[in-house]
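K.L.:
what's the 3D shape of this:
(2 chains)
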Amino acid sequence: MVSVHVYGKLRRFARESDPRGESVILVLHREGDTVRSLVERIGIPLTELGANVFVDGRYADLASPVEEGARLGLFPDDMQLLYKWYFRPKEASSEERGHEG
Amino acid sequence: MDRLLRVNMANRTATFEPLPEAYRNRAGRWLTSSIVHDEVPPACHPLGPNNKIVFSPGFVTGTAAPTSSRISVGGKSPLTGGIKEANAGTGWGRRLARLGIRALVVEGQPVDGRFWVLKVDAKGAAFEPADAWVAKKLSEVVPVIATRFGGKDRVDVCAIGVAGEYRMGAAGICFTDREGRASRYAGRGGLGAVLGSKGLKAIVVDDSGAADVPIADKATFDSGRKKLAAALGEHAITKPKGALNSYGTAVLVNILNEAGGLPTRNFREGRFEGATKIAGEAIFAGNKERLGHELYNHPCSPGCIIACSNTWHHKDGSEHTSCIEYESDWAFGADCGISDLDQIAEMNLLCNEYGLDTIEIGGTLGVAAEGGLWKFGDGKRAIELVHEIGKATPLGRILGSGALVTGRAFGVTRVPQVKGQSMPAYEPRTVKGIGMTYAVSTMGADHTSGYTIAPEILGVSGKLDPMNPQKTELARNFQYATAFIDSTGHCLFIAFAILDIASGFEGVVEECAGVLGTKWTMDDVARIGKAVLDLELDFNRKAGFTAADDRLPEFMYREPLPPHNGVWDVPDAEIDKVFAP
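P.N.:
I've put the predicted structure just below:
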């Protein structure tokens, strides 16, 4: 099981969506899971996902592997206050996210 | 005609002087740090007659440049013993700029211990006794002072509270916001105590009849401000109903909590179980519930198009306090183990009333809990302790002296501070780059002097691991860029947009060049930033600081921080390379 903590407008994908509480989606883990495979399985459009993605509290991107028992934290594009000033577009393995400046 | 207003409190004189030629192209932090460096003896007592306090609007403050109403305040800090620059968003600096005053320098010291109000307007400067306005809450006196001198549409007020009157190390300098609230602070480093030591309760600025700020090259300036406005208007963080306008800076609570870098219960843990209850989303939802409609944030100062300043409301819909910034929310929330927004709001309000730096006071309460004065999570007791400061009881005066003094008074070893200034809301054991900034900043532990959080946590995994201790260049470059922005008069939050959208940053340089008539380009940004830092570093060296002061507290080297269980392990040699000549 992976516990996916979602925030902002992404809370609508969780059963509990009170912005003052925890919105957690429990997803069965599959062999080879990545952030992308989990996000797709939940049905979150990639365009709504920001650059603030964490796997077990470490910054991650769509290609990052996710292990059984992990905590995945997802913030939407309009909440990514910790920003990616250090990226250059060619370095970011996340072109699909469409947030390259 | 740019000029300098020199106020001597020993004999209550106020004299206009031409701006010295050497300062012709300096403003904001560059100018406040220049004057402090050039005129204040570095070894002087911060609360004695030889210290000075300097106010300077930025290059573009007072013009039509967006989000540019910051006032820079400088002096020698009673908290750190080093140079200090703190800035605030307010119409006060804008009015000062429109009067052609590039710097206001307060020096000397009265011998009678009385407090005064200084009024500055197009006709000159004058003093009035402030006896009726001391020992009161700022919300009770600032509107009265504003009314006395022409009303909030005509004047802005800068004032100190009880904490400044008693010269406490955690005293900030309060400025009025766009609505006349006594709520915007040049908070850090105890500059309120310095103003108190000068016997100045308040400075009122009335710009009636003033001409517009002269602009040497209007075409370049206009090109620049349009580029900046476009960048701010389109960026997801700074645009209307973007992250800052919707959730305020407190949106960071949940993000830092996910990252395991939200210092909790005096930096014992990196995640707070009550984070979602106090985050920006909770503030937005709570206001909506209590008001019956959505409430987006407001500009703290005229001309701001980001508008990130929030308000929190009582259950009956009346306003409780403004503004609960991320750092204040964290300081009274996670750092105190408190997850009740009403209690956090009350402490935020009390700091505004007593004239205190919320970061220093939250950090101090965390240390006080370790010292047995109260229990983490007991919001009622924490509020009582803040009242002790406002009443200036002996205990309150210890707490009002900040985290380091409180730690010493109560035998606490876990005191999260650098150079005597308590740490803000980012855990250096999780986010090593901010730890570098805390360590080497000329200001003591300060997140704004080099906001290396974002690039680190968001650097592509494996390439820029936040845990990676190789942060030298990052720390240096961010401090240079920040010192430049702090000199422009722009709010640091424009950085979110201009570091992403290159034309926005070009726009800022064009605005400055347009106002001054210089030929500055992007290449001048690091040069100016370095010039500012070099002055500040030189002052601190002469004040007695050495590499040994550029260190995080010992407990961070020793105690692993959950959930990542890392310790502070950046080698001292790496830290010393940041500003090595």
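
K.L.:
which residues touch stretch B:362-381?
P.N.:
B:170, B:265-267, B:327-328, B:330-332, B:335-340, B:343-344, B:347, B:382, B:385-386, B:395, B:399, B:402-403, B:406-407, B:409-412, B:414-417, B:422-423 (Cβ atoms under 8 Å, 6 or more residues apart in numbering or on different chains). Backbone N, C-alpha and C define where each C-beta goes, glycine included.

K.L.:
moving C-terminal of the helix or strand bottoming out on mean pLDDT in chain A, what's the next helix or strand?
P.N.:
The weakest-scoring helix or strand in chain A, judged by mean pLDDT, DSSP states H and E, is strand A:58-59 (a mean of 84). Going down the chain from strand A:58-59, the next helix or strand is strand A:71-76, by DSSP states H and E.

K.L.:
contacting residues around the most centrally placed residue in chain A?
P.N.:
With distances taken as Cα atoms, centre = their mean, A:L74 lies nearest the centre of chain A, 3.3 Å away. Going by Cβ under 8 Å, 6+ apart, A:L74 touches A:4-7, A:10, A:39, A:44, A:49, A:52-53.

K.L.:
mind checking pLDDT for residue 65?
P.N.:
No chain was given, so I picked chain A. You'll see A:P65 listed with a pLDDT of 96.

K.L.:
nope, chain B
P.N.:
Note on B:A65: pLDDT of 98.

K.L.:
I figured it was touching B:G303, is that so?
P.N.:
Yes. The pair B:A65 / B:G303 is scored as a contact, 7.4 Å apart, by Cβ atoms under 8 Å.

K.L.:
Share the number of residues neighbouring B:G209, please.
P.N.:
Counted with other Cβ atoms under 10 Å in any protein chain shown, the neighbours of B:G209 add up to 10.

K.L.:
Not counting residues beside it along the chain, what's closest to it?
P.N.:
B:A122 (4.6 Å; Cβ to Cβ, 6 or more residues apart in numbering or on different chains).

K.L.:
ditto for B:T437
P.N.:
Nearest one to B:T437, counting by Cβ to Cβ, 6+ apart, is B:G450 at 3.9 Å.

K.L.:
Surely the one you found is within a helix?
P.N.:
No. Counting by DSSP: H, G, I helix; E, B strand; the rest coil, B:G450 is located in no helix; its state is coil.

K.L.:
Buried residues, the helix or strand harbouring B:A229. List them.
P.N.:
Secondary structure from DSSP H and E places B:A229 in helix B:218-234. By 16 or more other Cβ atoms under 10 Å in any protein chain shown, the buried positions in helix B:218-234 come out as B:220-233.

K.L.:
What of stretch A:30-48?
P.N.:
Going by neighbour count (16+ other Cβ under 10 Å), the buried part of stretch A:30-48 is A:33-36, A:38-39, A:42, A:44, A:48.

K.L.:
Which residue ranges make up each domain of chain B?
P.N.:
If you go by automatic domain parsing, the domain ranges for chain B are B:3-206, B:249-296+B:309-425.

K.L.:
got the residues of the stretch 201-350 of chain B near chain A?
P.N.:
B:236-237, B:241-244, B:246-247, B:249, B:251-252, B:254-256, B:258-261, B:270-271, B:276-277, B:281-282, B:284-286 (Cβ under 8 Å from any Cβ of the partner chain).

K.L.:
Can I get stretch B:198-215 as CSV, trimmed to CA atoms?
P.N.:
Once non-C-alpha atoms are left out, stretch B:198-215 reads as follows in CSV (Å, rounded to 0.1, in the frame of the first residue of the first chain):
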residue,chain,number,x,y,z
LYS,B,198,16.7,57.0,20.5
GLY,B,199,13.5,58.0,22.3
LEU,B,200,11.5,57.9,19.1
LYS,B,201,8.0,56.4,19.5
ALA,B,202,6.8,57.1,16.0
ILE,B,203,7.7,58.7,12.7
VAL,B,204,4.8,60.1,10.7
VAL,B,205,5.3,60.8,7.0
ASP,B,206,2.9,63.0,5.1
ASP,B,207,3.7,63.4,1.4
SER,B,208,0.9,65.9,0.6
GLY,B,209,2.0,68.3,-2.1
ALA,B,210,5.1,66.2,-3.0
ALA,B,211,6.0,65.8,-6.6
ASP,B,212,6.3,62.4,-8.3
VAL,B,213,9.6,60.5,-7.9
PRO,B,214,11.8,61.8,-10.7
ILE,B,215,12.6,59.3,-13.4
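
K.L.:
Distance from the chain centre to that stretch, please.
P.N.:
21 Å (Cα atoms, centre = their mean, to the nearest Å).

K.L.:
any idea how far chain A is from the nearest residue in space to B:Y185 that is not next to it in sequence?
P.N.:
Nearest residue to B:Y185, sequence neighbours excluded (Cβ to Cβ, 6+ apart): B:G172, at 4.4 Å. According to Cβ to the nearest Cβ, to the nearest Å, B:G172 stands 24 Å off from chain A.

K.L.:
again with B:M443
P.N.:
The value you get for B:M443 to chain A, if Cβ to the nearest Cβ is used, is 21 Å.

K.L.:
Where does that residue sit: helix, strand or coil?
P.N.:
coil.

K.L.:
What are the phi and psi values at it?
P.N.:
phi -100, psi 0 (degrees, to the nearest 10).

K.L.:
ok, now how distant is the closest residue in space to it that isn't next to it in sequence from chain A?
P.N.:
Counting by Cβ to Cβ, 6+ apart, B:M443 lies nearest to B:S449, which is 5.3 Å off, once chain neighbours are set aside. B:S449 sits 16 Å away from chain A, going by Cβ to the nearest Cβ.

K.L.:
ditto for B:V117
P.N.:
39 Å.

K.L.:
First-to-last residue distance for stretch B:546-560?
P.N.:
27 Å (Cα to Cα, to the nearest Å).

K.L.:
hmm, I was thinking of stretch B:265-276
P.N.:
First-to-last residue span, stretch B:265-276, Cα to Cα: 16 Å.

K.L.:
Just the residues contacting it, thanks.
P.N.:
A:19-22, A:57, B:253-254, B:257, B:259-264, B:282, B:333-339, B:363, B:366-367, B:369-370, B:376, B:414, B:416, B:423, B:427, B:429-430, B:556, B:559, B:561-564.

K.L.:
just checking, which of those residues belong to helices?
P.N.:
Among the contacts of stretch B:265-276, DSSP state H puts B:253-254, B:257, B:259, B:282, B:363, B:366-367, B:369-370, B:556 in helices.

K.L.:
quick one: which two of the residues you listed are the most distant?
P.N.:
Maximum pairwise distance among those (Cβ to Cβ): 29.2 Å, between B:A282 and B:M556.

K.L.:
Where does the prediction get shaky in chain A?
P.N.:
Across chain A, the ranges flagged by pLDDT under 70 are A:82-101.

K.L.:
Going along the chain, name the helices of it.
P.N.:
Going by DSSP H, chain A shows helices at A:35-42.

K.L.:
Would you map the strands across it?
P.N.:
A:2-6, A:24-27, A:49-55, A:58-59, A:71-76 (DSSP state E).

K.L.:
Could you export those strands as JSON lines, including distance to B:A103?
P.N.:
What follows is the strands of chain A, written out as JSON lines (distance: least, Cβ to Cβ, whole Å):
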{"stretch": "strand A:2-6", "distance to B:A103": "49"}
{"stretch": "strand A:24-27", "distance to B:A103": "53"}
{"stretch": "strand A:49-55", "distance to B:A103": "40"}
{"stretch": "strand A:58-59", "distance to B:A103": "42"}
{"stretch": "strand A:71-76", "distance to B:A103": "42"}
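
K.L.:
sorry, back to before: the more surrounded of B:A65 and B:G303?
P.N.:
Between B:A65 and B:G303, counting by other Cβ under 10 Å, B:A65 is the more crowded of the two (31 against 19).
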